[in-house]
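Undergrad: Provided below are the primary sequence and the corresponding predicted coordinates.
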Amino acid sequence: MGTRESNEETTGTGRRALLGAAVLGTGTAVLGMAGTARAEGARHGGKGLGGLPRPTIIGHRGASGYRPEHTIGSYQLALDMGADIVEAGDLVPTKDGHLVCRHEPEIGGTTDVADHPEFADRKRTKVLDGVSTTGWFTEDFTLAELKRLRAVERIPANRPHNTLYDGRWEIPTFEEVLRWQDEQTRRRGKQVWIYPELKHPTYFRKLGLPLEERVAKLLHRHRKDRRTSPVVLQSFEPTSVQRLDKLVDNPLVVLLSSAGSRPWDFVETGDPRTVADLVKPAGLREIASYAQGIGPTLDLVIPRDAQGRLTQPTTLVADAHRVGLILHPYTLRNENPFLPAEFRKGTDADAYGDVFGAYRAYFATGIDGVFTDQPDTGLLAREDFRDR
C-alpha cells in the first residue's frame, strides 16, 4: 500500500475542489463552457436523443460518487453538476406492485433495513439470476414499509465521504422520479432527461410482478411514452427490451455485460448465445431491429490485459454505428480500483487516479456517451477532449 500522504499529494487537491463544488451546487462554475453547450443541446425534448451533446455524460445512479446512489439527493446533484442525462431509476417492484429505485432488489447494502428490528424476519436467501443471495428483498415489502427505510452508501470503502449522508433520503418510487423530472424541467427551463433500467425482468415476471407493463403504464399516464420523450429505457435482458418495444415508443437500449456472459433471459429460454455473439455484426443487426442503442461494459470497447491495462480497441463502436446503434458504455469512476491499471495513482481504494486520461482513451474510440459516477469530472473531460 502507498502512503496516505503521497496519495493526498497527487489527488487530494482535485478531489477537494470537486467535492466543494458538489456541496455548494456550483455546477456552472465548475463546468464553464460545458454548461452552455449542454443548455444549447438539450433545451427541448423534441429532438430526442439526437438533440443531446456528444459524448453524452450520463449521471450513473445520479451523482453517486458524491451521494448515496438512487436518491433524490444524488439525482439532484447530477443535474446541478450539468449531467446531460440522469440514470434515475434501477427499477424493482414492491410486494404491492409499486416500482422503486434501487440498484438491486436486495437492499441490505443500500438501506438501513438491518437496523430495523421489525424487519429482521424478512431476511432470507434467494436465488437471483442463478446466484444465491442473502438479504432483504424489495418484493417482500410493501411500499409503505420501504418508505420507513433510508438509503446508505453502497461502497463505503471507496466513498467514505458519502457516508456523511447515510440516512438522509428515503427510497424514491419511479412515479416520484417522473414528477421530479417535470418539476426540474420547469424550474431549470430546459428538458431534464432520465435513463431508468429494468432490473431482473425474468426473475420478477416469474414472481408475478412483471416490470415492462408497469413501466409502460406509468409512462402512458405521464405522456412520456413517445420516441421523442426524454426517457431512455434499458435492460440487460434483450427479450425485455423487445417486450418494451411493443408497449412504448421510447428510445431503448440493450445493456451488455462481459463477453463470456449470457443474458439471464437467454439462460431461462435455452438460447445458447453469449454477449460475444450479440456484439458480432449479426447480433448488432438483430438488436437494431428493436432498440436504438447498446450499453456495453467498457471492456467490450477496449479490453484489458492480465495486468489490468488497456489493450487495443475492438471494432464494436464502428460495427454498432454501421447498423445505426448508439453506444453508451458503463461505468467511469474516479477512484483507483475502478480505473485501468495505467491510470491508477497509488493503491488507496478511495484515492482518485488519472481519470481524465481514461476518458481520453475511451472518447477517442468514438463512443456516443458514457455513464459516470462523477458527472462534473465527465463534463470537464468532454471539454478537454473537444479542445484537443
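TA: Sure thing, it's come through.

Undergrad: rest of the way, CA atoms for contacts and neighbours
TA: OK.

Undergrad: quick check: next helix or strand after the helix ranked longest in the chain?
TA: If you go by DSSP state H, the chain has its longest helix at helix 174-188. Sequence-wise, the next helix or strand downstream of helix 174-188 (DSSP states H and E) is strand 197-198.

Undergrad: pairing partners for that next one, with directions?
TA: strand 90-93 (parallel), strand 233-235 (parallel) (DSSP bridges).

Undergrad: average model confidence for it?
TA: For strand 197-198, mean pLDDT is 98.

Undergrad: can you give the contact residues for it?
TA: The contact list for strand 197-198 (Cα atoms under 8 Å, 6 or more residues apart in numbering) reads 87, 89, 90, 91, 92, 211, 212, 233, 234, 235.

Undergrad: change it to 10 Å
TA: 87-93, 99, 101, 103, 211-212, 215, 232-237, 240-241, 253-255 (Cα atoms under 10 Å, 6 or more residues apart in numbering).

Undergrad: show me just the buried residues among those residues.
TA: Neighbour-count burial (16 or more other Cα atoms under 10 Å) is assigned, among the contacts of strand 197-198, to 87-93, 99, 101, 103, 211-212, 215, 232-237, 240-241, 253-255.

Undergrad: next step: these restricted to helices.
TA: Short answer: these in helices (DSSP H) are 211, 212, 215, 240, 241.

Undergrad: spatially nearest residue to residue 368 (excluding sequence neighbours)?
TA: residue 55 (4.7 Å; Cα to Cα, 6 or more residues apart in numbering).

Undergrad: what sits against the one you found?
TA: 84, 327-328, 363, 366-370, 378-379, 381-383, 385-386.

Undergrad: and the pLDDT at it?
TA: 98.

Undergrad: list only buried entries from the contacts of residue 55.
TA: Buried among the contacts of residue 55 (16+ other Cα under 10 Å): 84, 327-328, 363, 367-370, 378-379, 381-383, 385.

Undergrad: including secondary structure and pLDDT, could those residues go into JSON lines?
TA: Listed next are the buried ones among the contacts of residue 55 as JSON lines, based on DSSP: H, G, I helix; E, B strand; the rest coil; pLDDT from 0 to 100:
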{"residue": "84", "secondary structure": "coil", "pLDDT": "98"}
{"residue": "327", "secondary structure": "strand", "pLDDT": "98"}
{"residue": "328", "secondary structure": "coil", "pLDDT": "98"}
{"residue": "363", "secondary structure": "helix", "pLDDT": "98"}
{"residue": "367", "secondary structure": "coil", "pLDDT": "98"}
{"residue": "368", "secondary structure": "coil", "pLDDT": "98"}
{"residue": "369", "secondary structure": "strand", "pLDDT": "98"}
{"residue": "370", "secondary structure": "strand", "pLDDT": "98"}
{"residue": "378", "secondary structure": "helix", "pLDDT": "98"}
{"residue": "379", "secondary structure": "helix", "pLDDT": "98"}
{"residue": "381", "secondary structure": "helix", "pLDDT": "98"}
{"residue": "382", "secondary structure": "helix", "pLDDT": "98"}
{"residue": "383", "secondary structure": "helix", "pLDDT": "98"}
{"residue": "385", "secondary structure": "helix", "pLDDT": "96"}
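
Undergrad: and which of those is nearest to residue 144?
TA: residue 84 (32.3 Å; Cα to Cα).

Undergrad: rewinding a little: which pair in the contacts of residue 55 spans the largest distance?
TA: Longest span within these, Cα to Cα: 327 and 383, 19.3 Å.

Undergrad: circling back to that earlier point, mean pLDDT and distance to residue 278 added to the strands paired with strand 197-198, as TSV?
TA: Below are the strands paired with strand 197-198 laid out as TSV (pLDDT from 0 to 100; distance: least, Cα to Cα, whole Å):
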stretch	mean pLDDT	distance to residue 278
strand 90-93	98	23
strand 233-235	98	14
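
Undergrad: of all the ones you listed, which one is nearest residue 192?
TA: Comparison of those against residue 192 by Cα to Cα identifies strand 233-235 as nearest, at 14.7 Å.

Undergrad: pLDDT below threshold where in the protein?
TA: 1-47 (pLDDT under 70).

Undergrad: can you give me the strands in it?
TA: 56-59, 85-86, 90-93, 99-101, 124-128, 131-135, 197-198, 233-235, 252-256, 293-296, 326-327, 369-372 (DSSP state E).

Undergrad: and the closest residue to residue 315 other than its chain neighbours, what does it touch?
TA: Leaving aside its sequence neighbours, residue 315 sits nearest to residue 301 (Cα to Cα, 6+ apart; 7.7 Å). Residue 301 makes contact with 311-317, 327, 329, 362, 365-367 under the criterion Cα under 10 Å, 6+ apart.

Undergrad: list only buried entries from the residues you listed.
TA: Here, 16+ other Cα under 10 Å leaves 313, 316, 317, 327, 329, 362, 365, 367 buried among the contacts of residue 301.

Undergrad: closest one of those to residue 277?
TA: residue 316 (11.8 Å).

Undergrad: right, and the closest one touches residue 302 too?
TA: Yes: Residue 316 lies in contact with residue 302 (Cα atoms under 10 Å); the separation is 9.1 Å.
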